[in-house]
Each structure stands twice: as C-alpha cells, then as structure tokens.
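In: Okay, sequence plus prediction incoming.
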Amino acid sequence: MAFYNDLGDTRTLATRTSALNSSKQAKGPETWLPPKNRCAYIGQWVAVKIRWGRRVDSTEKAALIRYADSCPNVTLTVTRT
C-alpha cells in the first residue's frame, strides 16, 4: 500500500528505536501506545487515517477518544491523497 512509504506528510514515517518498533509491531492505539509523547502519536495516527481515508473500528475509535480526551486541543491540517 502506498501509505507505507508516504513521503508527502512527515507524520506518516516516524523514526522509532528498534526496541520500540518491535514492541509496537502492527498494533493500533487500542492495544499499544508509545511510552512518551502519546498525544502527538494520537494526532499523527488520526492524521494518517484521514489522509488515506482509512477506517477505524469501534474498539480503535473508543481508544482514540479515550486517550485524546486527556490531550490538549489541537487542530489537524490534512491533505487527502
């Protein structure tokens, strides 16, 4: 899928340590969040989902809302592909 190598939005490709990447694997925010900068991660996750028109299931959506409720309000600007 093209979004794996999207160079048009810096939120798509994020540098992670190999240990952090190994712990994440293919998990979404409903089962994994980074130990630091969780609010930024949630914003990046949502921006990528919007940019690529990706769906979220009810479990993922509930987790995103739950975590985002503890984050400061931010406005995401997204250019759809």
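Out: That came in fine, so what should we check first?

In: Helices along this protein, start to end?
Out: 18-24, 38-51, 58-68 (DSSP state H).

In: Name the nearest residue to the residue nearest to the spatial centre of the chain, sequence neighbours excluded.
Out: When Cα atoms, centre = their mean is applied to the chain, the residue found nearest the centroid is Trp45 (1.6 Å). Taking Cβ to Cβ, 6 or more residues apart in numbering, and ignoring the residues beside it in sequence, Trp45 has Pro29 as its nearest neighbour in space, at 5.8 Å. C-beta here means a position set from N, CA and C on the backbone, and glycine is covered the same way.

In: Which residues are in contact with the one you found?
Out: Shown in contact with Pro29 (Cβ atoms under 8 Å, 6 or more residues apart in numbering): 41-42, 45, 60, 63-64, 67.

In: what's the most distant pair in these?
Out: The most widely separated members of the contacts of Pro29 are Tyr41 and Glu60, with 13.6 Å between them, by Cβ to Cβ.

In: Can you give me the end-to-end span of stretch 58-78?
Out: Terminal residues of stretch 58-78 lie 22 Å apart, using Cα to Cα, to the nearest Å.

In: got the buried residues for that stretch?
Out: Of the residues in stretch 58-78, those buried under the neighbour-count criterion (16 or more other Cβ atoms under 10 Å) are 60, 63-64, 67-68.
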